[in-house]
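# What follows is a predicted protein model with its sequence.
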Amino acid sequence: LVQKSFELSSLQFSLFKRQNKTDSVDNSRTKTVKAAGLNHGDRLFMFPKTQNLFQNANSSSQTETKSKVPSVVVEDEIDIELSKLEGSIPKSKDKLNCQHQGNSQCVHCIPYDPFDEEYLKEQKIKFMSFHSYIRKLSGGLSKGK
């Protein structure tokens, strides 16, 4: 299975359950995943027995792997719709502190950012959404740079 997945011409590699090369997994065509003692989500570490494991005879493995990667990423419809929205959470006008008219905003009634820690604690939200996290990283003066 590993040989087919990586399109290797030989079995010149070893599989291990741990990165320090302990708990070897035998290369077998007849043994099932369960029989090898593996479960869903287990990580395997592959180490070559020779240095040129991933190189083909014509040494064009880099161009072949690049051509398999899709060049166009298709976004989900929901992601496109969410990127169009402003993403801020509206806050009601504070009767005590706000002294302005209805069409303006002050420090006390500016909408919350979706990643505002105070708002998340107040609403007892443990984890922010992925889009909020992306806006947090790409927001501010540096724009995520």
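Received it, and whenever you're ready, just let me know what you need.
# so what's the backbone phi/psi at residue 13?
phi -150, psi 160 (degrees, to the nearest 10).
# Show me the beta-bridge partners of it.
residue 48 (DSSP bridges).
# State the number of residues packed around it.
Residues near residue 13, counting by other Cβ atoms under 10 Å, number 17. Where you see a C-beta, it was placed from the backbone N, CA and C, and this is true even at glycine.
# That one is in contact with residue 25, isn't it?
No - taking contacts as Cβ atoms under 8 Å, residue 13 lies outside contact range of residue 25: 10.9 Å.
# Point to the residue nearest the middle of this structure.
In the chain, the centroid-proximal residue (Cα atoms, centre = their mean) is residue 130; its distance is 9.6 Å.
# where does it fall, phi/psi-wise?
Main-chain torsions, residue 130, degrees, to the nearest 10: phi -60, psi -40.
# That one and residue 94: what is the separation?
Going from residue 130 to residue 94 by Cβ to Cβ, to the nearest Å gives 31 Å.
# again, but for residue 19
Relative to residue 94, and taking Cβ to Cβ, residue 19 is found at 55 Å.
# Among these two, which residue is more densely surrounded?
Applying other Cβ under 10 Å to residue 19 and residue 94 shows that residue 94 carries more neighbours, namely 12 against 9.
# so who does the residue nearest to the more buried one when sequence neighbours are not counted touch?
Spatial nearest neighbour of residue 94, excluding adjacent residues (Cβ to Cβ, 6 or more residues apart in numbering): residue 108 at 4.4 Å. Applying Cβ atoms under 8 Å, 6 or more residues apart in numbering to residue 108 gives the contacts 94, 97-98.
# give me that answer again for 10 Å
91, 93-94, 96-100 (Cβ atoms under 10 Å, 6 or more residues apart in numbering).
# What of residue 127?
Contacts of residue 127 (Cβ under 10 Å, 6+ apart): 120, 133.
# now do residue 116
88-89, 122-123, 128, 132, 136.
# Go through the residues you listed and flag which are in helices.
Among the contacts of residue 116, DSSP state H puts 122, 132, 136 in helices.
# Pull out the buried residues from those residues.
The neighbour count (16 or more other Cβ atoms under 10 Å) marks 132, 136 as buried among those.
# Where do the strands of this protein begin and end?
In the chain, the strands defined using DSSP state E lie at 13-16, 24-25, 45-48.
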